[in-house]
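**Q** Okay, here's the prediction I keep looking at, along with the sequence it came from:
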Amino acid sequence: MLNQQRLQQALGYSFNQPALLTRALTHRSHGSPHNERLEFLGDGVLNCVMAAELYRRFPRQKEGDLSRLRSSLVRQESLARVGQALDLGDLLLLGEGELKSGGHTRPSIIADALEAIFGAVYTDGGYPSAQAVILTLYATALDELDPTLPDKDAKTRLQELLQARRLAVPEYVVVSTSGAAHDQSFEVECRIEKLDVTTRGSGSSRRLAEQDAALKAIALAGKPKARA
């Protein structure tokens, strides 16, 4: 398939067994053989490659810091971003139900497919090939890593900021939702009463909208004075 050929060009790897790539792109809803076993294998290969690369790049970092950095690279959000950049959603083989519900845009399905591709490359060409593909796709993310920065999400950082000032945790309120069930958009307000701070965030899930609102609140939390 032409699209798969383009994908192989983007990966920088040409499959000796193209059927492995097709399997990696096949969701279980489409039938068997599907990509779950390759996903399992790819997850292990990805973790190994990242562990070795972080060990090489950051010789002075402690084990805990290296584990934190690896977690930030292999979690679903990171995998989905890489997969979306490859337009994997357009190549996925999905069952009718998943197609109707927008499965080709679902981050979890895209992330799983990317791991399955890593497993397929490993099966087809061995560890050096899988390592080369992974490091190519993650080149930008690896170059942007800063081991000195905290790896905490915005809600956690905001809560810790308020707790340090002995203030109550913020309140998150959904103010609107829109779109079809498989393609919803959420707007959430983050309210910090004692600081008279209210911010609004948006996202494709309530969690993402809350994170967006919390990030905006962090920027304001240190500015207003608490009420008397």
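**A** Perfect, thanks for sending it.
**Q** got a pLDDT number for Asp146?
**A** pLDDT recorded at Asp146 is 77.
**Q** Describe which strands whichever strand or helix holds Ser176 pairs with in its sheet and in which direction.
**A** Assigned by DSSP states H and E, Ser176 belongs to strand 171-178. Sheet pairing of strand 171-178 (DSSP bridges) gives strand 185-192 (antiparallel).
**Q** contacts for the very next helix or strand once past the partner strand?
**A** Downstream of strand 185-192, the next assigned helix or strand under DSSP H and E is strand 197-203. Here strand 197-203 makes contact (C-beta atoms under 8 Å, 6 or more residues apart in numbering) with 175, 185-192, 208-217, 220-221, 224. Quick note: C-beta positions are derived from backbone N, CA and C, even for glycine.
**Q** Please identify the buried residues of the strand holding Ser176?
**A** When burial is assessed from 16 or more other C-beta atoms under 10 Å, strand 171-178 yields the following buried residues: Tyr172.
**Q** what angle sits between that strand and strand 197-203?
**A** With axes from the mean of the first three to the mean of the last three C-alpha atoms, to 10 degrees as the basis, strand 171-178 and strand 197-203 are set at 40 degrees to each other.
**Q** what separates strand 171-178 from the chain centre, distance-wise?
**A** Taking C-alpha atoms, centre = their mean, to the nearest Å, one finds the center of strand 171-178 at 23 Å from the center of the full chain.
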